[in-house]
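Enquirer: sequence first, predicted coordinates after that:
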Amino acid sequence: MFLTRFRLNTARPGSRRLLFSPQTMHAAVMSSFPGVLPTTAPTADAPRTLWRLDERARAEVILYLVSPDRPDLTHLVEQAGWPAVATPDDPGWQTRPYQPFLDRLTAGQHWAFRLTANPVHTIRRKEGEPRKLTAHLTHRHQMGWLLDEKRQERAGFRIAEKPAERRTLPEGTTSKGHPHHGDRYELSLNDTRSLSFSKSRQGNTNHSRKDNVTLVTATFEGRLQITDPDLLRRTLTHGIGRARAYGCGLLTLAPAPKPAGQEAR
């Protein structure tokens, strides 16, 4: 497994095309692996290629990749990077082996995390109708999607809770009688987006409405505790939730800062 980081040059037209369409970005990402053909069927239960865009500022957009094979992002550097300054030692992206990090994960560890996901659920509008997949749209429901205990258990972690003295919002119920956790958890929802794009190749004017995709994404940041290292390794290499081909599902970890008041201990 490999972890790759690539900064897009947002001043270039190629970057704007990639950022406009998750389908175009997905195609560019998969073109980074010469051994993977468009007709290659994924191996059942094998780790998959995951990607995520982190837009930290207007001119600071980072593409993260986790993949079973080492990627070659030369085409992305030429289209959307800084090809004039690329060198053999610094080709314009950074790739590191991921397995050593995965092997160091143990139960009880705390990590800061970031995740862009597609929070969805199924509903039945009328009795007798088949259940339909639909997106969570509100802040409360999107947070609840990730806080679902069974989802966390399957993923091998649980969201850390704040100490009582650091909580500023009380738990209770909403105006509609739904339970609300206040700010009990070390979790924030930093960005939500509704994307609409076509699955057809760019320039193809013969696509139908069936080719149109509407996608709701939510970007979470917070702090987690590992409950099952094997399940978490699977989550980190297989993704979490739906729309993984379109930049959702990649969970990344970083060292968690110590809670306030514990720095000197």
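Expert: Right, received. Where do you want to start?

Enquirer: quick one: the strands in the stretch 51-200 of the chain?
Expert: With DSSP state E, counting those that start in this stretch, the ranges of strands along the stretch 51-200 of the chain come out as 60-67, 94-97, 110-117, 120-123, 132-135, 157-159, 172-173, 179-180, 187-198.

Enquirer: so the first one versus strand 110-117, what angle?
Expert: Okay, so that is strand 60-67. 100 degrees (axes from the mean of the first three to the mean of the last three CA atoms, to 10 degrees).

Enquirer: in strand 60-67, what counts as buried?
Expert: By 16 or more other CB atoms under 10 Å, the buried positions in strand 60-67 come out as 61, 63-67. Placement of C-beta: from N, CA and C, glycine included.

Enquirer: parallel or antiparallel, list what pairs with that strand.
Expert: The partner list of strand 60-67 in its sheet, established with DSSP bridges, is strand 2-8 (antiparallel), strand 50-57 (antiparallel).

Enquirer: what mean pLDDT does the longest one have?
Expert: Taken as a whole, strand 50-57 carries a mean pLDDT of 90.

Enquirer: and the angle for it with strand 187-198?
Expert: 110 degrees.

Enquirer: in strand 50-57, which residues are buried?
Expert: So for strand 50-57, counting by 16+ other CB under 10 Å, buried means 50-54.

Enquirer: picking up where we left off before, dump the strands of the stretch 51-200 of the chain to CSV, plus mean pLDDT and distance to residue 222.
Expert: As requested, the strands of the stretch 51-200 of the chain are arranged in CSV below (pLDDT from 0 to 100; distance: least, CB to CB, whole Å):
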stretch, mean pLDDT, distance to residue 222
strand 60-67, 95, 17
strand 94-97, 96, 24
strand 110-117, 96, 6
strand 120-123, 77, 20
strand 132-135, 74, 21
strand 157-159, 96, 6
strand 172-173, 60, 21
strand 179-180, 61, 17
strand 187-198, 83, 4
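
Enquirer: quick one, which of these is nearest to residue 37?
Expert: strand 60-67 (15.5 Å; CB to CB).

Enquirer: which residues are in contact with that closest one?
Expert: For strand 60-67, contacts defined as CB atoms under 8 Å, 6 or more residues apart in numbering pick out 1-8, 10, 15, 19, 25, 29, 32-33, 49-56, 71, 76, 98, 236-237, 250, 252.

Enquirer: and these, which are buried?
Expert: Counted by 16+ other CB under 10 Å, the contacts of strand 60-67 give 1-4, 6-8, 10, 15, 19, 25, 29, 32-33, 49-54, 71, 76, 98, 236-237, 250, 252 as buried.

Enquirer: now do the same for residue 27: helix, strand or coil?
Expert: The three-state label given to residue 27 by DSSP: H, G, I helix; E, B strand; the rest coil is helix.

Enquirer: that one - how many residues pack around it?
Expert: 15 (other CB atoms under 10 Å).

Enquirer: in the stretch 101-250 of the chain, where is pLDDT below threshold?
Expert: For the stretch 101-250 of the chain, the stretches with pLDDT under 70 are 124, 128, 167, 169-182, 200-210.
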